[in-house]
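Trainee: have a look at this prediction, sequence included:
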Amino acid sequence: MSGFWSQIHSQIEMGRFISMGKAAGYEGIADNSKVFALGVTYTKDNLSAKIWNYYSNELLNAYIVEGSITNNLFNSTLTTTLQYVSQEQIGDTKTYLNSLNRTLDYSYFGAKLELNYENLTTVLAMTNMDYQNKNWDNTMHIWAGLPQYTVAQEYGFKSANVNGADVYKAGLSYKFSQKNKIDLNYYKYDLSNKVSSNDTDVIDLIYNLKYSKNIDFTAVYERQEFKSNDSGDIAKVIANYSF
């Protein structure tokens, strides 16, 4: 995370304390913005619900609401989950971004069905992004979160302008043991015609191996096909060592 933000925000050293406004990329605009977080979680039997609010007086106000229910289906379990996220720019940041015709405002609705049978998991999910009549600024999704139900391994929500888009996912995951599993996912990015007509299909194949207590490996292959008839392939292996 430190390297990611250092690269975006002029090589800022994130290993030392800096203000939230500067970390978000608004140095000199929201330097003294405070952050308040409040969350409530309710769980009973097969039901769960949670709501979170993140409020920063000169940056934004964000809400995350999620609820799920799990039922037995023959020899399987079926979990249905709904999610709504809303983020609104406020204070000095709102004034600054309005002058540039940019915004941090966005909201989305997500739904997911997850069927578990022994070591096999099947997932169907969708996300509907609200359309904003302004350009999103660089901290979109940072606080209120990405639509995690429909995020591909490599083709992220910043790889395309998903303002007003509908995104769909169908996935299979098989766990060979507690140490290794394989995932195959298909994503459909149905972009808003107000923004782009270059809809995208993405296929992920991911293998995870927990080699030891401290070492794990992830191998990824991803195929991206665009409506414009362009395409791309990504393959990589990631090795992690935990101290």
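Mentor: Arrived safely.
Trainee: got phi/psi on residue 180?
Mentor: The phi/psi pair for residue 180 (degrees, to the nearest 10) reads phi -150, psi 150.
Trainee: wait, it sits on residue 211?
Mentor: No. Counting by C-beta atoms under 8 Å, residue 211 is not a contact partner of residue 180; they are 9.1 Å apart. Every residue, glycine included, has its C-beta placed from N, CA and C.
Trainee: would you mark the buried spots in stretch 171-189?
Mentor: For stretch 171-189, burial by neighbour count (16 or more other C-beta atoms under 10 Å) applies to 171, 173, 181, 183, 185, 187, 188, 189.
Trainee: pretty sure the second one sits against residue 181.
Mentor: Yes. Between residue 173 and residue 181 there is a contact under C-beta under 8 Å: 6.2 Å.
Trainee: which neighbours do these two have in common?
Mentor: Common neighbours of residue 173 and residue 181 (criterion: C-beta atoms under 8 Å, 6 or more residues apart in numbering): none identified.
Trainee: ok, and what's touching the helix ranked longest in the chain?
Mentor: Using DSSP state H to define each element, the chain has its longest helix at helix 91-99. With contacts defined as C-beta under 8 Å, 6+ apart, helix 91-99 is touched by 21, 26, 29-30, 33, 57-60, 89, 103-104, 137.
Trainee: for the protein, which segments count as helices?
Mentor: Assigned helices in the chain, in chain order: 2-8, 20-23, 91-99 (criterion: DSSP H).
Trainee: find out how far the second one is from the centre of the chain, if you would.
Mentor: The reference is to helix 20-23. Relative to its chain's centre, helix 20-23 lies at 21 Å (C-alpha atoms, centre = their mean, to the nearest Å).
Trainee: what's the answer for stretch 221-233, then?
Mentor: Worked out by C-alpha atoms, centre = their mean, stretch 221-233 lies 21 Å from the chain centre.
Trainee: with only the CA atoms kept, save that stretch in PDB.
Mentor: In PDB, the C-alpha atoms belonging to stretch 221-233 read as follows (Å, rounded to 0.1, in the frame of the first residue of the first chain):
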ATOM      1  CA  TYR A 221      -3.700 -15.600 -15.900                       C
ATOM      2  CA  GLU A 222      -6.200 -13.100 -17.100                       C
ATOM      3  CA  ARG A 223      -7.800 -12.600 -20.600                       C
ATOM      4  CA  GLN A 224      -9.300  -9.200 -21.400                       C
ATOM      5  CA  GLU A 225     -11.500  -8.800 -24.600                       C
ATOM      6  CA  PHE A 226     -12.900  -5.400 -25.600                       C
ATOM      7  CA  LYS A 227     -15.800  -4.500 -27.800                       C
ATOM      8  CA  SER A 228     -13.400  -2.500 -29.900                       C
ATOM      9  CA  ASN A 229     -11.900  -5.900 -30.900                       C
ATOM     10  CA  ASP A 230      -8.800  -5.200 -28.900                       C
ATOM     11  CA  SER A 231      -7.600  -7.800 -26.400                       C
ATOM     12  CA  GLY A 232      -4.900  -8.500 -23.800                       C
ATOM     13  CA  ASP A 233      -3.400 -11.200 -21.700                       C
END
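Trainee: where in this structure is pLDDT low?
Mentor: 1-17, 138-147, 156-161 (pLDDT under 70).
Trainee: show me where it has its strands.
Mentor: With DSSP state E, the ranges of strands along the chain come out as 35-44, 47-56, 60-73, 76-89, 102-103, 106-117, 120-129, 135-136, 166-175, 180-190, 200-210, 215-226, 231-241.
Trainee: good, we can wrap up now.
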